[in-house]
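J.: Sequence first, then the predicted structure:
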Amino acid sequence: VSLKGKRVLVTSGPTREYLDPIRFLSNASSGRMGAALARAALKRGASVTVVTGPAEAPLPSRAKTVAIRTGLEMLRETLRRARGASIVIGAAAVSDWRVASPAKKKIKRSSSDLRLTLKPNPDIIKSVARRRRPGQIVVGFALETHDRLTHAAAKMKSKGLDLIVANGPSALGSDRSSATLILRGGWKRELVSVSKDELAAAIFDAIEDLA
Ligand code: C5P
């Protein structure tokens, strides 16, 4: 089935988890995979919304961009828009934890230790999959350092995804990566040293075969 006229929702980039109004915990996600997915979906005639944390990769101007900062904001904006989407792809590097009680005012510098309590953030793509409507396709990524396929397949199942893209740590911030696409039925496709644009095209090829 073609992507033409379909609505595609992509989460992208890192999230920021604030300690106080100024300082935050985050990660080095560039948002390049999300941007590549947005370009590929537009090229196939879909309308695209990207819910994105502060990322360096530019998004195509034809994509609707929803800028968020924290994981909780990403959850809210993603769930709100997921209902109307045929395909939801979680390419964001959501912070696994957030600061339990961020300070309202800038924390004063001092020479004593600062203790932070971190709480787990909600799993956004899993929440989308749990609420999925019939026919909706939910896709995730899995960055694994070892036993890539086993761990990715387990993740696909526990999150309730239709397709998971398993890649290694070299994918982070890089232009090329190797990845394995795994579909729910067990179908696999291995891609070696491809660009993120090529990977995005392969992901939509698999989705078009599914739908
Ligand atoms: O569990 P793990 O973080 O390895 O899963 C990665 C996949 O789950 C990615 O698709 C990522 O966007 C998504 N994810 C999410 N919300 C989280 C953590 C991960 O949507 N809190």
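T.: Yep, it's here.
J.: C-alpha from now on. contacts and neighbour counts both.
T.: Noted.
J.: By mean pLDDT, flag the weakest helix or strand of the protein.
T.: Least confident element among the helices and strands of the chain, by mean pLDDT, DSSP states H and E: strand 176-183 (a mean of 92).
J.: Could you list every helix and strand in contact with the next helix or strand after that strand?
T.: For strand 176-183, the following helix or strand on the C-terminal side (DSSP states H and E) is strand 188-195. Secondary-structure packing of strand 188-195 (3 or more Cα pairs under 8 Å, 6 or more residues apart in numbering; DSSP states H and E): strand 176-183.
J.: contacting residues around the residue nearest the centre of the chain?
T.: Centroid-nearest residue in the chain: Ala91, 2.1 Å away (criterion: Cα atoms, centre = their mean). Applying Cα atoms under 8 Å, 6 or more residues apart in numbering, we find Ala91 in contact with Val10, Thr11, Ser12, Gly13, Gly31, Met33, Gly34, Gly140, Phe141.
J.: rerun at 6 Å
T.: Thr11, Ser12, Gly34 (Cα atoms under 6 Å, 6 or more residues apart in numbering).
J.: Let me see the ranges of the helices in the chain.
T.: Using DSSP state H, the helices of the chain run over 32-43, 71-82, 124-130, 148-159, 196-210.
J.: With Ala179 as the reference, name the closest of these.
T.: helix 196-210 (7.9 Å; Cα to Cα).
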